[in-house]
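Visitor: Take this sequence and fold it.
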Amino acid sequence: MPPFRAYDGLSDLLFGSLAQWDAVWFIHLADNGYDSTQITAFFPLYPLLVSGFSVVTRSTVVAGVLLSLVAGCVAVVLLRRVAATRLGEAAQRDAIVLVSLYPLSFVFTSVYSDGLFLALAVGAFSAGLRQRPLVAGVVAALAVDTRVVGLALIPALAVMLWPRDRTPRAIGGLIAATVLPLVALGAYAAYLHHRFGDGLAFVHAAGVDTWNRHVPPLGPVSGLWQSTAAAWHGSLELLRHLPRSGSYPHGLAAHDTWSAWNVAQFALVAAALWLTWVAWKRLGPAFGLYSLGVLAIVLASPADFVPLASSPRYLLADFPLFLAVADLLQGRPRLREATIVAFAALAVVAAVGFSRKTWIA
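Guide: Numbers count the residues shown, from 1 in each chain. Okay, the predicted model is just below:
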């Protein structure tokens with residue numbers, strides 16, 4: 001990984017430790033723009049804001065870290081407001097704690113777009129719940145120009161804003177909220193067509209050697225099938241080589257590492273599918289539809305070897321899952337304590353590993 005300059009040796013070390021893996025792409029994009037089709041997999045709003053903010057900070061990496069941190073703080077404040085429409089006081093606080101301590105929440109302090117996307121997604125949801133369709137549509141459009149998973153907001157906003165009186169104003173608000181995100185995606189595709197002659201370059205870029213992703217014929221259905229098969233074969237692979245003690249003094253072999261990732265990530269996505277149902281039943285169809293949309297988009301582009309690669313980080317955008325878990329933990333003090341302690345412990349391990357250039361997600 002290339003070094004990134006902040007201000008001096010100590011600040012270089014501090015901020016540089018937070019700029020690993022995909023942060024390299026965001027920093028390159030903020031500094032140089034879209035100079036290759038490979039980098040089009042990263043959507044423009046976050047690097048554009050980082051580039052603008054770097055004029056003030058005089059350092060791209062510092063701008064990226066501070067922007068992510070501020071966006072993460074805004075996201076949890078907005079999440080508390082959304083949670084207040086469905087959950088009691090204790091569950092609202094737990095939802096914020098769970099998001100803040102989620103094992104992949106280190107991205108809120110790195111040059112990643114996850115914090116900004118979460119703030120925009122929750123902001124669009126909040127506007128939709130308050131029946132402010134134009135605000136919801138504009139914020140959802142910004143979310144889409146941050147990450148393609150923002151498209152999951154469209155069905156959720158359609159449910160929240162479905163007009164009861166069928167007046168022109170209500171219908172117009174519904175159209176604005178659901179069409180503006182598509183316009184944002186179309187604008188990015190139009191730019192890519194102008195720049196590279198390929199409006200779907202962001203889709204095609206996923207298939208390069210860096211990510212080795214593809215969109216299968218049946219989309220998320222194929223992705224779910226591939227991840228299920230990978231988890232099954234991974235389980236057999238791990239069981240076949242037991243016991244492990246002393247077998248790998250320098251760490252797991254590559255195929256065993258992939259097997260472990262496939263099993264763990266499939267278990268997480270299976271839990272997310274169940275929690276999506278819980279969110280639908282306890283929080284309402286809009287929350288369930290958004291969660292289902294996020295999962296569908298995640299499953300629609302499986303990677304080679306590890307189909308669900310990076311899915312633990314992608315699920316940070318699926319905020320209804322955290323609301324559902326917080327609601328389920330009420331009245332179960334021991335399970336609540338165990339969950340929070342487990343989140344915190346894993347978060348520390350993940351953050352340390354990430355800062356030491358270990359691939360986490």
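Visitor: Secondary structure element for the most centrally placed residue in the chain, which one?
Guide: Centroid check for the chain by Cα atoms, centre = their mean gives Tyr314 as the closest residue, at 3.2 Å. Counting by DSSP states H and E, the element that carries Tyr314 is helix 311-314.
Visitor: Could you do Leu153 as well?
Guide: Going by DSSP H and E, Leu153 is in helix 153-160.
Visitor: picking that back up, from memory the residue nearest to the centre of the chain sits against Val298, does it?
Guide: Yes: counting by Cβ atoms under 8 Å, Tyr314 does reach Val298; the two are 4.9 Å apart. C-beta coordinates here come from the backbone N, C-alpha and C atoms, glycine included.
Visitor: who touches both of those two?
Guide: Common contact partners of Tyr314 and Val298 (Cβ atoms under 8 Å, 6 or more residues apart in numbering): Val149.
Visitor: quick revisit: run through the neighbouring helices and strands of the helix holding Tyr314.
Guide: Judged by 3 or more Cβ pairs under 8 Å, 6 or more residues apart in numbering; DSSP states H and E, helix 311-314 is in contact with helix 254-283, helix 285-299.
Visitor: out of those, nearest to Val348?
Guide: helix 254-283 (17.8 Å; Cβ to Cβ).
Visitor: show me where the chain has strands.
Guide: Counting by DSSP state E, the chain has no strands at all.
Visitor: how about low-confidence regions in it?
Guide: Residue ranges of the chain with pLDDT under 70: 1-3, 12, 207-211, 241-255.
Visitor: Could you rerun that using 90?
Guide: Residue ranges of the chain with pLDDT under 90: 1-24, 37-38, 59, 163-170, 173, 203-219, 230-231, 233-262, 301-311, 351-361.
Visitor: From Ala119, how far off is Asp327?
Guide: 22 Å (Cβ to Cβ, to the nearest Å).
Visitor: Oh, that last question was meant for Phe287, not what I typed.
Guide: According to Cβ to Cβ, Phe287 and Ala119 sit 17 Å apart.
Visitor: Who has more neighbours out of those two?
Guide: Phe287 (28 against 25; other Cβ atoms under 10 Å).
Visitor: Report the contact partners of that one.
Guide: Contacts of Phe287 (Cβ under 8 Å, 6+ apart): Arg86, Ala156, Ala279, Trp280, Pro320, Leu323.
Visitor: neighbours around the closest residue to the last one other than its chain neighbours, how many?
Guide: Think Leu323. Distances taken as Cβ to Cβ, 6 or more residues apart in numbering put Ala95 closest to Leu323, at 5.1 Å, once the chain neighbours are dropped. For Ala95, the count of nearby residues is 28 (other Cβ under 10 Å).
Visitor: Ala95 reaches Ala83, doesn't it?
Guide: Yes: assessed by Cβ under 8 Å, Ala95 is found in contact with Ala83 at 4.9 Å.
Visitor: hang on, isn't Ser227 packed against Ala267?
Guide: No: the pair Ser227 / Ala267 is not scored as a contact, 10.6 Å apart, by Cβ under 8 Å.
Visitor: So for those two, which residue has more residues nearby?
Guide: Ser227 (24 against 11).
Visitor: residues contacting that one?
Guide: Each residue near Ser227 by Cβ under 8 Å, 6+ apart is listed here: Asn262, Gln265, Phe266, Val269, Leu299, Pro302, Pro307, Leu308.
Visitor: Next, give phi and psi for the closest residue to it other than its chain neighbours.
Guide: Once flanking residues are discounted, Ser227 sits nearest to Pro307: 4.2 Å by Cβ to Cβ, 6+ apart. Backbone torsions for Pro307, taken as degrees, to the nearest 10, come to phi -50, psi -40.
Visitor: how far away is Pro307 from Val111?
Guide: 26 Å.
Visitor: So the closest residue to Gly284 other than its chain neighbours versus Leu292, what's the distance?
Guide: In this structure, Gly284 finds its nearest non-sequential neighbour in Arg86, 7.1 Å apart by Cβ to Cβ, 6+ apart. As judged by Cβ to Cβ, Arg86 and Leu292 stand 17 Å apart.
Visitor: Same drill for these two, tell me which one is more crowded.
Guide: A side-by-side neighbour count of Arg86 and Leu292, using other Cβ under 10 Å, places Leu292 first with 23 against 19.
Visitor: residue contacts, that one?
Guide: When contacts are counted by Cβ under 8 Å, 6+ apart, Leu292 is found next to Ala152, Thr276, Trp280.
Visitor: try 6 Å
Guide: By Cβ atoms under 6 Å, 6 or more residues apart in numbering, the contact set of Leu292 is Thr276.
Visitor: measure it to Trp261 for me?
Guide: To Trp261, Leu292 is 24 Å away according to Cβ to Cβ.
Visitor: Equivalent analysis for Leu238, please.
Guide: Leu238 is 11 Å from Trp261, by Cβ to Cβ.
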